[in-house]
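Engineer: my questions concern the predicted model and sequence given below.
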Amino acid sequence: MDFPGGSVPFTPTLTFVGGTFSPRAPLPCYRTIDAAGHAVGEADVPHVLGQDTAVRMYQTMVKLQTVDTIFYEAQRQGRFSFYMTSSGEEATAIGSAAALTNDDVVFSQYREQGVILYRGFSVQDMAHQCFGNMHEQGRGRQMPIHYGSKALNFHTISSTLATQLPHAVGAAYALRLDKKQACSVAYFGEGAASEGDFHAAMNFAATLGAPVVFICRNNGWAISTPATDQYRGDGIAGRGPGYGMAALRVDGGDARAVFNATAEARRIAIEEHVPVLVEAMSYRSGHHSTSDDSSRYRAAEEMRQWRARDPVTRFQRWLIDQGWWDDAQDTAARQEARREVIQALETAQKAPKPPLSAMFSDVYAEMPWHLARQQAEVFAHVTAHPDACPADIPVK
Amino acid sequence: MMMWEALREGLDEEMEKDPTVCLMGEDVGHYGGSYKVSYGLYKKYGDMRLLDTPICENGFMGMGVGAAMTGLRPIVEGMNMGFLLLAFNQISNNCGMLHYTSGGQFKVPMVIRGPGGVGRQLGAEHSQRLESYFQSIPGVQLVACSTVANSKALLKSAIRSDNPIIFFEHVLLYNVKGEVHPGDYCQCLERAEMVREGTDVSIFCYSRMRYVVMQAVAELEKQGYNPEVIDLISLKPFDMETISKSIKKTRKAIIVEECMKTGGIGASLSAVIHESLFNELDHEVLRLSSQDVPTSYAYELEAATIVQPEKVVEAVHKVCGTRVAA
């Protein structure tokens, strides 16, 4: 029968589907490299990962791990206020980033620094942003790790969860109107996928035919909330078909699988003007952020087991199997990364902060009178009370 | 021409001129909008530029933000301004903020528009005045149109502006008749409009209250008063140049608004006037606002909730004193 709401066959049987008593089988998880780092023989690999890309991916992973470790320690030492690591999810970020072009517009949540790093954001850029100094693109206005770069087509991170998902739909709509051969990419966690904006973005993208690649990092934890307390359905990938959207579940710790999943999703999105959902299964090895101590709610044994499945080590093993990497190169790469990160932090820490006047610009295209007045009051105050303004912050 | 036609004409002109201008919202495409502002435009510009969206205000508001940051100039229509309460997160946290937090890298040249205000017995949820809720949001500009002429001219400017503009239309003004400015006339978004020059008292109003005030003025003129009436137009930022020039002349101010007493546009304006023009005033600023109650469905109660012309007349008597007719 052709109802306006759908063309549906009739049935005389009263059978509910999909609930706790009749669950659907979980979507399988695509994988091409096993836990030990050896290639899975019969895996589909439609997008071959060549040496140059693979080595670049691995070098970025090394850099990312080094940044995450040292920046986290820098925060603990009080050098800047906040940091979030992406330990355990390096392959998800970098594997997917490697499959995109710079014309693809990226919207991220907060744990995808591997993506911007792969695209060309330097360690120095990251350090500048975390210190909020005058060199950083955001002009010192956002908290650490809220990177953004127009040049790299990576939108400035906004702390609100999942609000970037409808943005990605809007960007894809703009790309479609411009007839660009590009897609938008939206990263989010399995916790953020509970927000209303996730539902809105999925439904809109599918209904309006927006070329968005939705990449969910299902890392099992939303601060202290385990995924089992976040949803009852088949993860996030299981929701895709409900919206009329193609979905794939992939091993987020397998960089080659993530690369292939993303490349294929991108191809489908652009060629067919449809959104695609990719759910990368992984584990958040680190704490939620420097404001969290996950040993309060997670078993040490669980964390130890997952560290042993480190995606970077797995990919390294696969690279070595290809003959594209060796231990000597690894040691050298790690030493160089460490040197670069430490230097970047020092340079960023010494750089001046943006001036006080920068507080009032960019609220609007041009400064309206009421902000000019407030700015004048602030200037007058610091002139009368020089101690009110920290010594390392210029006024103008 | 009626106001809905004027808005439609402004929209059509800007869409024709600039291919990045597009409209998204519920029932804006084939249906032409609940108040006909986009009537028939999909035939000219297609389904993509007049985009019908599923029902999710925060969803299409976010979509508008993303499209604006990717080179388009989207106009997002709320079927009723009140529904945009659902879009508050995107409007406040992203639309208003991303230009600033991105260090100026990304801009959000959006127009957020729709009908608001108290209509005819539409019930509490369809009678919201959102200008008071939005006014604190940093980074957004608030504009309220009121006549056929200024509705088209202001909409054109709003579309061309690089700032996100929240553009307030009123449910009861879409069928108001008038003339539009000729040609490509764009009205300044930050300027108030002088409606009637006068000497006795400055009456500040916006949107439909302009008509309520002018009804009161007809009566006041008979009684020998000479009020100056200014339509604020720009609810944020206020046009302090026009406002202070008027107050320095009359030394008395009355604000007539449709939003609630508590935290309304009038509350902000009254504070600013007292702070910056205290010595120019002979009387404290009077605020005529709606009662702090949900708007009733019943006709008489609804009428009692909002400001009526008699209240304006009474307020003028209060600040100016009684007048012996000339």
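Structural biologist: Sure, I can see it.
Engineer: gap between the most centrally placed residue in chain A and B:Glu131?
Structural biologist: Nearest to the mean C-alpha position of chain A, by C-alpha atoms, centre = their mean, lies A:Glu112 at 2.6 Å. Using C-beta to C-beta, to the nearest Å, A:Glu112 is found at 37 Å from B:Glu131. Backbone N, C-alpha and C define where each C-beta goes, glycine included.
Engineer: got it, and B:Arg8?
Structural biologist: Distance from B:Arg8 to B:Glu131, by C-beta to C-beta: 23 Å.
Engineer: swap in A:Cys130?
Structural biologist: Distance from A:Cys130 to B:Glu131, by C-beta to C-beta: 39 Å.
Engineer: and if you look at B:His30?
Structural biologist: 30 Å.
Engineer: what segments of the stretch 101-250 of chain B are helices?
Structural biologist: Counting by DSSP state H, counting those that start in this stretch, the stretch 101-250 of chain B has helices at residues B:131-134, B:148-160, B:209-222, B:240-250.
Engineer: any chance of the ones you listed in JSON lines, plus mean pLDDT, mean neighbour count and distance to chain A?
Structural biologist: Below are these laid out as JSON lines (pLDDT from 0 to 100; neighbours: other C-beta atoms under 10 Å in any protein chain shown; distance: least, C-beta to the nearest C-beta, whole Å):
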{"stretch": "helix B:131-134", "mean pLDDT": "95", "mean neighbour count": "22", "distance to chain A": "15"}
{"stretch": "helix B:148-160", "mean pLDDT": "98", "mean neighbour count": "24", "distance to chain A": "11"}
{"stretch": "helix B:209-222", "mean pLDDT": "98", "mean neighbour count": "20", "distance to chain A": "23"}
{"stretch": "helix B:240-250", "mean pLDDT": "98", "mean neighbour count": "18", "distance to chain A": "6"}
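Engineer: save those helices as a markdown table, and put in distance to A:Ala269 too.
Structural biologist: Listed next are the helices of the stretch 101-250 of chain B as a markdown table, based on distance: least, C-beta to C-beta, whole Å:
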| stretch | distance to A:Ala269 |
| --- | --- |
| helix B:131-134 | 35 |
| helix B:148-160 | 30 |
| helix B:209-222 | 49 |
| helix B:240-250 | 50 |
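Engineer: quick check: which of the ones you listed is nearest to A:Ile223?
Structural biologist: helix B:131-134 (30.1 Å; C-beta to C-beta).
Engineer: other residues contacting that closest one?
Structural biologist: B:85, B:88, B:91, B:116, B:140, B:142, B:144, B:166, B:168, B:235, B:259-260, B:263-265, B:267 (C-beta atoms under 8 Å, 6 or more residues apart in numbering or on different chains).
Engineer: continuing past the helix ranked longest in chain A, what's the next helix or strand?
Structural biologist: Secondary structure of chain A per DSSP state H: the longest helix is helix A:51-76. Counting by DSSP states H and E, the next helix or strand C-terminal to helix A:51-76 is helix A:90-97.
Engineer: packing partners for that following helix?
Structural biologist: Counting contacts by 3 or more C-beta pairs under 8 Å, 6 or more residues apart in numbering or on different chains; DSSP states H and E, helix A:90-97 packs against helix A:51-76, helix A:113-119, strand A:184-189, strand A:212-218, helix A:255-272, strand A:276-281, helix A:311-322.
Engineer: in the last one, what's buried?
Structural biologist: Yep, that's helix A:311-322 we're talking about. Going by neighbour count (16 or more other C-beta atoms under 10 Å in any protein chain shown), the buried part of helix A:311-322 is A:311-319.
Engineer: got TSV for those residues, with pLDDT too?
Structural biologist: Putting those into TSV (pLDDT from 0 to 100) gives the following:
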residue	pLDDT
A:Pro311	97
A:Val312	98
A:Thr313	97
A:Arg314	97
A:Phe315	98
A:Gln316	98
A:Arg317	97
A:Trp318	97
A:Leu319	97
